[in-house]
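1. sequence and predicted model, in that order:
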Amino acid sequence: MVFEVDAGAVDYAAVLIDAGQSAAAKAVLAEALPPKPPAVQDSNPVVMRAAALYAVVLGRDPAAERWATHAFEVSQRLPEPDALPALAARGALAGVLYRAGQLDRCIQLFQGLVEGLQRRVGPDGSAALIARADLALAQHVNGRCAAARTEMSTVLAAYRRHHPHDHRTHVRMLLTLAQMQRRCQADPDAVQSFVAAVTLAHQHLPTGDPLIRQATRLARTPGGPPCRQCRDGATAGSYLYGDADGGVTR
Ligand SMILES: [Zn+2]
């Protein structure tokens, strides 16, 4: 039985997500979608889009993987698996796998996402650069820390050059870089990045914006244990560290 979802409700949920109202979006999508994903052959691009958005707002809920997998499988049957909604389905599944710690598959999906977005919106497009940052974060957690930190700095510089007014994303990227640097025990670099993130947030975001609080809180929170690659290898900054991280021994 072919399953239909109200496209208007899906558009509304997307608007709510963009506005940061993910709880409201979750309620809209829960109402629009059936309790379980339909069979892939009974699905369609509207259900795919709803399922991908639902997976994003479900976050760590175990149902997120089911919906993200459904969206991705539908996207692979479309005549244009590189269209933006299909790429969004790929990104939603990559995010779910990242949270589940399935990093190899996650990285593979993010690599496809980056390539697809670079073709669709150009290498300097906002979505393509944000996907590159997500990929760098997954690679960092997967132990390629020096390469991932370098990539994150490169992406941040490119983002500032091509999207100078999107301060919110600059702050997010700076926080990601700062957290990577802190986990790798590159403390002076981490402090510098946190200070830059908090300063930028105060300068450009409206007073009381949740991202200002988040930046301040992250800057004050002590880092967790260092990443395994850095703990098992040499300290950050040594030549051995660069070698150990270069991917040759992985
Ligand atoms: Zn590290």
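-> Yep, it's here. For clarity, every value in this text was computed on a predicted model and none was experimentally measured.
2. quick one, what contacts the residue nearest to the spatial centre of the chain?
-> Centroid check for the chain by C-alpha atoms, centre = their mean gives residue 134 as the closest residue, at 4.2 Å. Residue 134 sits next to 91, 94, 95, 98, 110, 113 when contact means C-beta atoms under 8 Å, 6 or more residues apart in numbering. Placement of C-beta: from N, CA and C, glycine included.
3. could you do residue 119 as well?
-> Here residue 119 is in contact with residue 82 (C-beta under 8 Å, 6+ apart).
4. repeat that for residue 148.
-> 136, 137, 139, 140, 180.
5. got the residues you listed as TSV, with neighbour count, secondary structure and pLDDT columns?
-> What follows is those, written out as TSV (neighbours: other C-beta atoms under 10 Å; DSSP: H, G, I helix; E, B strand; the rest coil; pLDDT from 0 to 100):
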residue	neighbour count	secondary structure	pLDDT
136	27	helix	96
137	20	helix	93
139	23	helix	94
140	24	helix	92
180	26	helix	92
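6. looking at those residues, which one is closest to residue 161?
-> residue 136 (17.1 Å; C-beta to C-beta).
7. for the helix or strand hosting residue 212, packing partners?
-> Assessed by DSSP states H and E, residue 212 sits inside helix 210-220. Counting contacts by 3 or more C-beta pairs under 8 Å, 6 or more residues apart in numbering; DSSP states H and E, helix 210-220 is packed against helix 167-183, helix 187-204.
8. buried deepest among those, which one?
-> Burial of the helices and strands packed on helix 210-220 is given as mean neighbour count (mean count of other C-beta atoms under 10 Å); helix 167-183 ranks first at a mean of 22.
9. next, the angle from that one to helix 187-204.
-> For helix 167-183 against helix 187-204, the angle by axes from the mean of the first three to the mean of the last three C-alpha atoms, to 10 degrees is 160 degrees.
10. and helix 167-183, does that touch the ion?
-> No. Helix 167-183 lies apart from the ion when judged by C-beta under 5 Å from the ion; the minimum separation is 5.8 Å.
11. how far away from the center of its chain is that helix?
-> 12 Å (C-alpha atoms, centre = their mean, to the nearest Å).
12. do stretch 132-152 as well
-> 12 Å.
13. for it, measure first residue to last.
-> Stretch 132-152 has an end-to-end distance of 8 Å (criterion: C-alpha to C-alpha, to the nearest Å).
14. show me what contacts residue 100?
-> Going by C-beta under 8 Å, 6+ apart, the list of residues near residue 100 reads residue 65.
15. go again with 6 Å.
-> With contact set as C-beta atoms under 6 Å, 6 or more residues apart in numbering, residue 100 has no partners.
16. all good on my end, thank you.
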